[in-house]
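Colleague: Predicted model follows, preceded by the sequence.
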Amino acid sequence: MAELNTTFYEVLDFKGEGVFGKVAECRNLITEELVAVKIHKKTDDDNVRWEVEMLERIAVLDPDQSNIVRFIDHFKFMDSSCLAFEMLDMSLWDLMMSRQQPLDLHEIRPVTRQLLVAYEALKKIGIMHADLKPDNIMLVNHRHQPFKIKLIDFGLARQTSEVEVGAIMQAESYRAPEATLGLPLSEAVDMWGVGCVMAFLYFATNLLSQQCSYHRTKTMVNLNLKDAVMGFPQTTDGVERKDRRTFFDLLRCCLNPNPEKRITPRKALEHSFYKSTSLIIITTDTPPRALTEVGPDVPLAWSSTTVSPLK
């Protein structure tokens, strides 16, 4: 049991473990509120101080209106730095692994729209998140609020005005070209991340290789996203093809290699992809795009009966 002044936290379960440490599900014994406590390794104090500073700056935003995780507390327990957050459900990565099938456009649309709202809010206060990936997008309560999400993990966040050229940020498969090449950095890196997440949810495989910057650059140069989006899986449905065209156009705008020409969160929210009038039907029926686990570099891929459009 952890104690902070007059607050006591009872550990109920451990939810996950990463390079930073562990995440525990805890109960506040005063309020009975369930919280997620991020328990950092003892050698991680500098990184924790930085993350707390970013979280305190972000606290000016309404966590529900901005789709950003609510930060509750930070404290020490047995020499480990701990951060307490509201309890959420599971990550988009976990959802994809449990479903073993990619998302449809009517599911991608609300997820990415909420992400854009979060990034527009961060942009207004001059903060770069700089670590977007499916693991850092949490479903709030998927059973009762399907595809309601919040952005988490501000360990790599930066004040945009203070970010240095060459700063290490973003997971390799979600890293913007300017971050790879050591060029000046801005909030545009987050929009590149949105594009990579959009592709991951639609194709069910990472768009870019984790191997090295050369392979990522080669993929960017040679990839024909339009044919991939429009032709896989094959469809003659007019509404679906229209949706795919608007999806591809937004994806192309997010993945513009020139950060100065890359779409902004505000402009993306005005995009026609979010103005579709097609009927939204969420079903549990298995669509024709099945997934299989194939390895650490590309954890989700098309099943062996189908050829991936990205290969």
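Modeller: That came through, no problem.

Colleague: And the helices in this protein, which stretches?
Modeller: The residue ranges that make up the helices of the chain, judged by DSSP state H, are 45-58, 92-99, 105-124, 177-181, 188-203, 213-222, 225-231, 238-254, 265-269.

Colleague: Would you mind listing the buried residues in the longest one?
Modeller: Of the residues in helix 105-124, 105-123 count as buried by neighbour count, 16 or more other C-beta atoms under 10 Å. From N, CA and C alone the C-beta is placed, and that goes for glycine too.

Colleague: and what of stretch 51-64?
Modeller: Buried residues in stretch 51-64, counting neighbours by 16+ other C-beta under 10 Å, are found at 51, 54-55, 57-58, 61, 63.

Colleague: again with stretch 174-187
Modeller: Of the residues in stretch 174-187, those buried under the neighbour-count criterion (16+ other C-beta under 10 Å) are 174-180, 185-187.

Colleague: Dump those into a markdown table; add distance to Thr31 as well.
Modeller: Written out in a markdown table, the entries for the buried residues of stretch 174-187 read as follows (distance: C-beta to C-beta, whole Å):
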| residue | distance to Thr31 |
| --- | --- |
| Tyr174 | 36 |
| Arg175 | 40 |
| Ala176 | 41 |
| Pro177 | 46 |
| Glu178 | 44 |
| Ala179 | 41 |
| Thr180 | 45 |
| Leu185 | 40 |
| Ser186 | 40 |
| Glu187 | 36 |
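
Colleague: now the strand ranked longest in the chain against helix 92-99, angle please.
Modeller: Using DSSP state E to define each element, the chain has its longest strand at strand 7-17. For strand 7-17 against helix 92-99, the angle between stretch directions is 60 degrees (axes from the mean of the first three to the mean of the last three C-alpha atoms, to 10 degrees).

Colleague: So what are the sheet partners of strand 7-17 and their directions?
Modeller: Taking DSSP bridges as the criterion, strand 7-17 sits next to strand 2-4 (antiparallel), strand 21-28 (antiparallel) in its sheet.

Colleague: what's the closest of the helices of the chain to Ile68?
Modeller: Smallest distance to Ile68 across the helices of the chain (C-beta to C-beta): 5.5 Å, for helix 105-124.

Colleague: Check which helices and strands that closest one sits against.
Modeller: Judged by 3 or more C-beta pairs under 8 Å, 6 or more residues apart in numbering; DSSP states H and E, helix 105-124 is in contact with strand 145-151, helix 188-203, helix 238-254, helix 265-269.

Colleague: Find the residue ranges of the stretch 151-300 of the chain scoring beneath the pLDDT cut-off.
Modeller: 209-218, 220-222, 231-236, 276-300 (pLDDT under 70).

Colleague: rerun at 50
Modeller: Regions of the stretch 151-300 of the chain meeting the criterion pLDDT under 50 cover residues 279-300.

Colleague: So what pairs up with Gly21 in the strands?
Modeller: For Gly21, the beta-bridge assignment (DSSP bridges) gives partners His40.

Colleague: Quick check, it in contact with Asp45.
Modeller: No - in this structure, Gly21 sits apart from Asp45 without contact. The criterion is C-beta atoms under 8 Å, and the distance is 11.7 Å.

Colleague: hmm, back to that, any buried residues in the longest strand of the chain, and which?
Modeller: Judged by neighbour count using 16+ other C-beta under 10 Å, the buried positions of strand 7-17 are Tyr9.
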